[in-house]
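In: Have a look at this prediction, sequence included:
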Amino acid sequence: MFVLQSFVYLGAASVAAALSVSGTYNCTDMMFPVSISAEAARLNISKPADQVALTAFVTTFLAEPPRLSLVWTQLRQLIKYGPSCVFRTTSVMMVCWSLLYMGIANVLLCRWLEANGTDSIGFDHSYWIFGGEGSPYNYVEAAITAGHAIFIFDRLGNKPDGIREVQFQTEVEVANQLLECLPKKLSFGEIVGVGHSFGSSHLLGLVTEYGNKFDAMVLTGFSSYSGGIPVTIAAFGLTIASIQNSTRFGSLESSYLSTATASNDQTIFFHYGGFEQAIADLASLSKETVTLGELVTQTAGVASNYTNPVLIVTGEKDLVFCGGNCYQPLNGSQNLVNLTQELFPASAFSTYIVPKSGHAVNLHTSAPDTFLLIENWIKQTLP
């Protein structure tokens, strides 16, 4: 088992950019060719032959009591770690900066994992700019107003193999190499890593392996509690993406999956009474995918070598990382979000539990207050 050096090349001829300008800030979309080498898992599983086969695969690992440790123990029995493989693909990025703050103080790396482009299972980078200019759900706009530039990126593009190539460690390496190239392309001060859900897990994986890649981190929709994961997987109603929406996903192979219906999306991402129905509907209509390879290689480690500040921001009713109630005490911790400090033993650690919010904290009516809290924390942490 060996790991080769990864790299990203950003030649001028390889970057396609479309400039979007608002009244107070600019955003540029870029497609960067990426070439990396990552330690990949050689998985003893096949692409689902049909929906019946996929459902059978999922239920096999949900037949045990709802404890993630049991599920992952079974999943790991499928994994044989082999030598590193080289993947060549592309990564979609968006860079936004304020016209009023030409001296950039911070660059925030916003990451939430989803499927195919990413952020969380279900979203791509548009999660961070939801609703567009003037929207109360637009985190990018809130951060730029606070004087930050924003660098957002999606997970692997060009639809690589969803079992062999699109895996947890591959995504971590993409993030690492994009971070390596940032100082060569932009002038800025500190870097704050901001993630959501699956993307938060990726950022944790990044600092677990590489240490202080960020000057501070904000992980949203996240905790170290794993008890809610099995019921979440069941609630996904995992469906082969090309079957779930043939118009949007018809060209994808069967290892690319999606949540089944709007009801599944509400169960996973939203808390009733804390969101606008139109926002939930739009989120469901624009949802993205996850690969089978990502699901079975997801992991979490202890970031012992990361010593910079961390803020965890999770909805009070988060199903995924709190089982629907983040105020449950566990192992001497007064709530499940505070419990996450066990993953960051060397860091100054802060938490915020968002009232009346489910998993998708950016898409609840409390979002403006959540954004303000995050930006104030960054200002106080990196004055």
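Out: Alright, I've got the coordinates.
In: Excluding sequence neighbours, find me the nearest residue to residue 327.
Out: residue 335 (5.0 Å; Cβ to Cβ, 6 or more residues apart in numbering). Where you see a C-beta, it was placed from the backbone N, CA and C, and this is true even at glycine.
In: To clarify, my last question referred to residue 214.
Out: Sequence neighbours aside, residue 193 is the residue nearest to residue 214 in space, at 4.0 Å (criterion: Cβ to Cβ, 6+ apart).
In: what residue ranges in the stretch 251-383 of the chain score low on pLDDT?
Out: Of all residues in the stretch 251-383 of the chain, none has pLDDT under 70.
In: which residue ranges form the helices in it?
Out: For the stretch 251-383 of the chain, helices defined by DSSP state H, counting those that start in this stretch occupy the ranges 262-269, 277-285, 292-297, 319-322, 367-381.
In: Could you provide those helices in a markdown table, with additional columns for distance to residue 219 and mean neighbour count?
Out: Shown next, in a markdown table, are the helices of the stretch 251-383 of the chain (distance: least, Cβ to Cβ, whole Å; neighbours: other Cβ atoms under 10 Å):
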| stretch | distance to residue 219 | mean neighbour count |
| --- | --- | --- |
| helix 262-269 | 17 | 20 |
| helix 277-285 | 20 | 16 |
| helix 292-297 | 18 | 24 |
| helix 319-322 | 10 | 26 |
| helix 367-381 | 11 | 18 |
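In: Can I get the ones you listed in CSV including distance to residue 52?
Out: Output for the helices of the stretch 251-383 of the chain, formatted as CSV (distance: least, Cβ to Cβ, whole Å):
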stretch, distance to residue 52
helix 262-269, 18
helix 277-285, 24
helix 292-297, 15
helix 319-322, 26
helix 367-381, 39
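In: between the ones you listed, which gets nearest to residue 212?
Out: With Cβ to Cβ as the measure, helix 367-381 is the member of the helices of the stretch 251-383 of the chain nearest residue 212 (13.9 Å).
In: Show residues contacting the closest one.
Out: 106, 108, 136-137, 139, 142-143, 146, 148, 192, 194, 216, 218, 220, 309, 311, 313, 348, 350, 352, 354, 357, 361-362, 364 (Cβ atoms under 8 Å, 6 or more residues apart in numbering).
In: one step back: checking my notes, the residue nearest to residue 214 in a strand, right?
Out: Yes: the assignment for residue 193 by DSSP: H, G, I helix; E, B strand; the rest coil puts it in a strand.
In: who's in contact with residue 316?
Out: Shown in contact with residue 316 (Cβ under 8 Å, 6+ apart): 271, 325-327, 353-357.
In: most surrounded residue in these?
Out: Among those, residue 357 has the most neighbours (other Cβ atoms under 10 Å), with 28 neighbours.
In: Excluding chain neighbours, what is closest to that one?
Out: Leaving out its chain neighbours, the residue that sits closest to residue 357 by Cβ to Cβ, 6+ apart is residue 315, at 3.3 Å.
In: beta partners for the one you found?
Out: Per DSSP bridges, the residues bridged to residue 315 are residue 354.
In: which residues touch it?
Out: Taking Cβ under 8 Å, 6+ apart, we find residue 315 in contact with 221, 271, 322, 326, 353-354, 357-361, 364.
In: which among those residues gets closest to residue 180?
Out: Nearest to residue 180, judged by Cβ to Cβ, of these is residue 221 at 26.2 Å.
In: looking at it, the closest one is touching residue 317, isn't it?
Out: No: the criterion here is Cβ atoms under 8 Å, and residue 221 misses it with residue 317 at 11.6 Å.
In: Name the residue in the two with the higher neighbour count.
Out: residue 221 (31 against 24).
In: and that one, what pLDDT?
Out: If you check residue 221, the pLDDT there is 95.
In: For it, give its distance to residue 51.
Out: Here the criterion is Cβ to Cβ, to the nearest Å. By it, residue 221 lies 28 Å from residue 51.
In: Could you pick out the longest helix of the protein?
Out: Secondary structure of the chain per DSSP state H: the longest helix is helix 168-185.
In: Going by neighbour count, list what's buried in that helix.
Out: Neighbour counts over helix 168-185 (16 or more other Cβ atoms under 10 Å) mark 168-179 as buried.
In: In a markdown table: those, plus distance to residue 381 and pLDDT.
Out: Below are the buried residues of helix 168-185 laid out as a markdown table (distance: Cβ to Cβ, whole Å; pLDDT from 0 to 100):
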| residue | distance to residue 381 | pLDDT |
| --- | --- | --- |
| 168 | 28 | 79 |
| 169 | 29 | 79 |
| 170 | 30 | 79 |
| 171 | 26 | 81 |
| 172 | 24 | 84 |
| 173 | 27 | 82 |
| 174 | 26 | 79 |
| 175 | 21 | 81 |
| 176 | 23 | 82 |
| 177 | 26 | 77 |
| 178 | 23 | 77 |
| 179 | 19 | 79 |
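In: Show me which of those is closest to residue 208.
Out: Residue 208 lies nearest to residue 172 out of the buried residues of helix 168-185, by Cβ to Cβ, at 8.8 Å.
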